[in-house]
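[1] sharing a sequence plus its predicted fold:
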Amino acid sequence: MPADETAAPLPGVSFVMPVLNERAYLERAIESVLAQDVDVPTELVLALGPSNDGTTELAQRLAENDERIRLVDNPAAHIPVGLNAAIRASRYSTIVRVDAHSELSAGYAARALQTLERTDSANVGGVMHAEGRTPFQKAVARLYNSPVGLGGGAYHGSSQEGEAESAYLGVMRREVLDEVGLFDESIRRGEDWELNLRIRQAGHRVWFDPELSVTYWPRESWIRLARQFRATGAWRGELVRRFGRRNGIRYFAPPALVLLAVLALVTGLLQLTGVLSGAVSLIVSLIVYVPLALYLLLVLSVALTPGGGGVRQRLWTMLVLPTMHVSWGIGFIGGVLRGARDTVDASRLGTRNTPLP
């Protein structure tokens, strides 16, 4: 039964996890949660979306075998809706967001609770350490862990502890969540950034601790990766519409790349038809083509640098890096111009619109 929302939360830790079509990852994710060793009571609340791969049946079986696992429904399948349902059903004073596509490191919860108290923060997060199993997934993971791939957010590999703009997943005080109003259910992606914005605006602290680590397993195919990044870019564009320059400058680099590529295409057509020629053509070429050439050199250098893996992984890197940037940039431009509307991440179930972490 859901917790009494009028009663004060009990001392303890509630892990909350939205779940949809994660049969291949769910059991290991849950094991990493239940293995956390803390000195207070714990529970894991799973918000179950309408999976069609056996995930729900697996979750029910696991819940039957461990009384710490509790289940709530998330028929809408949207991440913030599921998170809020799980939080409202939770019983304890500290909320730890976890994803079915991730695995917590040993000691994660204990360290996070210590950091919450030591820094007097409302939300604490750590490093998202991506891992891969196939050459493609390893290429994606390497770029996730690189500032070149995802723009240098602290949780993608910083070693400097301190106050942060946002927190990956997040270990949060329930009283602060109740104060600011939980997750905004109108936001399909970027909901954590928006929540942390409200937490900071309310005068609370968001903290990054590099000693906290979560293993993340990226998308397993190119088309699913492209869908994920287009949806994520669209919602970042929506957040720019809503909050303007509160968004970091790094978010504007991928759309700038897309606009530059479009400008290069138009320039090439004008040059081929003779509309653009002479000194003007030369100047425009330098402005347009040189930055694109430098970007291509960057892609090659990332793929060929030491640590890039085998030949297949390096070839995938050459495709994955521009895919991440261009898909995100196209989504961002659409989100800024017309809003994200009903855009969701369709990267898990073919072409079906199913939002996932």
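    Yep, that arrived.

[2] can you give me the helices in the stretch 251-357 of the chain?
    Applying DSSP state H, counting those that start in this stretch to the stretch 251-357 of the chain gives helices spanning 253-272, 278-304, 311-338.

[3] so which of those helices is nearest Ser159?
    Checking those against Ser159 by Cβ to Cβ gives helix 278-304 as the closest, at 20.4 Å. Just so you know, the C-beta spots here come from the backbone N, C-alpha and C atoms, and that holds for glycine as well.

[4] can you give me the buried ones in the lowest-mean-pLDDT helix or strand in the chain?
    Scoring the helices and strands of the chain by mean pLDDT, DSSP states H and E places helix 147-150 at the bottom, with a mean of 82. Residues Gly149, Leu150 are the ones in helix 147-150 that count as buried (16 or more other Cβ atoms under 10 Å).

[5] now for the next helix or strand along the chain from it, which elements pack on it?
    Next along the chain after helix 147-150, taking DSSP states H and E as the criterion, comes strand 162-163. Packing contacts for strand 162-163, counted by 3 or more Cβ pairs under 8 Å, 6 or more residues apart in numbering; DSSP states H and E, involve strand 206-216.

[6] how far away from the center of its chain is the strand it packs on?
    13 Å (Cα atoms, centre = their mean, to the nearest Å).

[7] who does it touch, helix- and strand-wise?
    By 3+ Cβ pairs under 8 Å, 6+ apart, strand 206-216 packs against strand 102-104, helix 108-119, strand 123-130, strand 162-163, helix 191-201.

[8] just put these in JSON lines and tack on mean neighbour count, distance to Asp66 and mean pLDDT.
    Formatted as JSON lines, the helices and strands packed on strand 206-216 follow (neighbours: other Cβ atoms under 10 Å; distance: least, Cβ to Cβ, whole Å; pLDDT from 0 to 100):
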{"stretch": "strand 102-104", "mean neighbour count": "24", "distance to Asp66": "16", "mean pLDDT": "92"}
{"stretch": "helix 108-119", "mean neighbour count": "19", "distance to Asp66": "16", "mean pLDDT": "96"}
{"stretch": "strand 123-130", "mean neighbour count": "25", "distance to Asp66": "25", "mean pLDDT": "93"}
{"stretch": "strand 162-163", "mean neighbour count": "12", "distance to Asp66": "36", "mean pLDDT": "93"}
{"stretch": "helix 191-201", "mean neighbour count": "21", "distance to Asp66": "27", "mean pLDDT": "95"}
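
[9] nearest to Arg68, out of these?
    helix 108-119 (12.8 Å).

[10] need the contact partners of the closest one.
    Contact with helix 108-119 is made by 13, 15, 36-40, 42, 94, 96, 121, 124, 126, 171, 173, 205, 207, 209, 211-214, as judged by Cβ atoms under 8 Å, 6 or more residues apart in numbering.

[11] just the C-alpha atoms of it, please, in PDB.
    Presented in PDB, the C-alpha positions along helix 108-119 are these (Å, rounded to 0.1, in the frame of the first residue of the first chain):
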ATOM      1  CA  TYR A 108      27.300   3.800  -2.900                       C
ATOM      2  CA  ALA A 109      24.400   4.400  -0.600                       C
ATOM      3  CA  ALA A 110      26.500   4.600   2.600                       C
ATOM      4  CA  ARG A 111      28.900   7.100   1.000                       C
ATOM      5  CA  ALA A 112      26.000   9.200  -0.400                       C
ATOM      6  CA  LEU A 113      24.300   9.400   3.100                       C
ATOM      7  CA  GLN A 114      27.600  10.500   4.600                       C
ATOM      8  CA  THR A 115      28.100  13.100   1.900                       C
ATOM      9  CA  LEU A 116      24.500  14.400   2.400                       C
ATOM     10  CA  GLU A 117      25.200  15.000   6.000                       C
ATOM     11  CA  ARG A 118      28.800  16.300   5.600                       C
ATOM     12  CA  THR A 119      27.900  18.900   2.900                       C
END
